[in-house]
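**Q** Have a look; sequence and predicted model below, questions after that.
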Amino acid sequence: MPELPEVETTRRGIQPHVQGKTVTGVLIRQPRLRWLVPEELPQLLKRRKLKHIERRGKYLLLHFSNGCLLLHLGMSGSLRILPTSTPAGKHDHFDLVFGQQCLRLHDPRRFGAVLWSDGCVEQHPLLKNLGPEPLSDCFHGAHLFRHSRNRRVAVKQFIMDSKVVVGVGNIYASEALFQAGISPNRNCGRISARRYEKLALAIKEILATAIECGGTTLQDFVQADGNPGYFAQELQVYGREGEPCLVCGKAIQRKTLGQRSSYYCSHCQKH
DNA sequence: ACAGTAACCTGTTTGC
DNA sequence: TGCAAACAGGTTACTG
């Protein structure tokens, strides 16, 4: 589910409700997520004030005076602000309680993560090798060009590699390649600097627009208030196999690349 | 260093 | 209707 726009939408949705608030309780109903949820979290967090929430790639970093709570939503996770009295459903695995309100993690597939980092969170093993933020100034075409030399994977897999750039998942990778007119299957090491410039701009534009729309809801993504995101209606190729290209009318193709479905228009996207 | 695959889970859709 | 297979937004860990 959540790529960068969905995680950023979540951050913006929850931050006003919990920033500056003090944790009154921590509930771990299911510790077996992608990694085991640390059982000492209640002792670590109780009576601590949440300073602020930062996003790094698809990770949410909840900063406290004694360290940082790291959250990841995996494929099917979502976070909501709910009255603490709301009965927990089957897949509601974790609650951070702030008095009458709580932050609740719902994640049917349990690919998400809840971890603790004391010390410098940027040096955490899961964060320290991440590439630049796509919406920052240090992400540009020259960066993609430089990192793609001497590599030969398909460009779609290349831009989904979090060591290259963070936050570009399966939906927005297809969308950005369509907008840039590049075939997803194209060898990343053989793409010109000029085309990478266009691709970097497409990535920035699509992610920014998706954030404005509150993310993409395909099945179960919800914002912190329970509403869906509305970028799904903007999708040009993702999930549209067999339907006409909105630019040229040719049928959208689907092809599996690196175990993931890629959608593209073979007329508009050049090899 | 790079590329490819399996693995972690559950739920829904598709096909026979 | 029933059951199995395919598929789903992510990422690490392992192999060669």
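**A** Arrived safely, thanks for sending.
**Q** Okay, A:Glu39 and A:Val114: tell me how far apart.
**A** 11 Å (C-beta to C-beta, to the nearest Å). Every C-beta, even on glycine, is put in place using the N, C-alpha and C of the backbone.
**Q** Which one's more surrounded, these two?
**A** A:Val114 (25 against 9; other C-beta atoms under 10 Å).
**Q** Residues in contact with the particular helix or strand that has that one in it: which ones?
**A** Per DSSP states H and E: A:Val114 is located in strand A:113-117. The contact list for strand A:113-117 (C-beta atoms under 8 Å, 6 or more residues apart in numbering) reads A:28, A:33-35, A:37-38, A:40-41, A:44, A:67-72, A:74, A:93-94, A:105, A:124, A:126.
**Q** again, but for stretch A:139-149
**A** A:131-133, A:155, A:158-159, A:164-165, A:188-189, A:191-194, A:196-201, A:203-204.
**Q** same thing with stretch A:4-21?
**A** A:2, A:49-55, A:57-60, A:73, A:78-79, A:81, A:96, A:98-99, A:101, A:103, A:134, A:166-169, A:172, A:207, A:210-211, A:213-216, A:221, A:223-225, A:229, A:231.
**Q** Let's see that with 7 Å instead.
**A** If you take C-beta atoms under 7 Å, 6 or more residues apart in numbering as the criterion, stretch A:4-21 is touched by A:49-50, A:52-53, A:55, A:58, A:60, A:73, A:79, A:81, A:98, A:101, A:103, A:134, A:167, A:207, A:210-211, A:214-216, A:221, A:223-225, A:229, A:231.
**Q** I'd like to know which residues of the stretch 151-271 of chain A are adjacent to DNA strand B.
**A** A:151-153, A:157, A:189, A:219, A:258-259 (C-beta under 7 Å from any atom of the strand).
**Q** ok, now the stretch 1-150 of chain A?
**A** A:32, A:34, A:76, A:90-91, A:108-111, A:150.
**Q** for those, which one is nearest DNA strand C?
**A** Nearest to DNA strand C, judged by C-beta to the nearest atom of the strand, of those is A:Phe111 at 4.3 Å.
**Q** Surely the closest one is in contact with A:Met75?
**A** Yes. The pair A:Phe111 and A:Met75 qualifies as a contact (C-beta atoms under 7 Å) at a distance of 4.8 Å.
**Q** Out of the contacts of strand A:113-117, which sit inside strands?
**A** A:28, A:67-72, A:93-94, A:105 (DSSP state E).
**Q** Of these, which are in range of DNA strand C?
**A** A:His72.
**Q** Rebuild the ones in strands among the contacts of strand A:113-117 as CSV, extending it with distance to A:Cys245.
**A** Below are the ones in strands among the contacts of strand A:113-117 laid out as CSV (distance: C-beta to C-beta, whole Å):
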residue, distance to A:Cys245
A:Ile28, 47
A:Gly67, 49
A:Cys68, 44
A:Leu69, 44
A:Leu70, 40
A:Leu71, 37
A:His72, 34
A:His93, 41
A:Phe94, 42
A:Leu105, 38
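**Q** between the ones in strands among the contacts of strand A:113-117, which is closest to DNA strand B?
**A** Closest to DNA strand B, out of all of the ones in strands among the contacts of strand A:113-117 and judged by C-beta to the nearest atom of the strand, is A:His93, at 10.4 Å.
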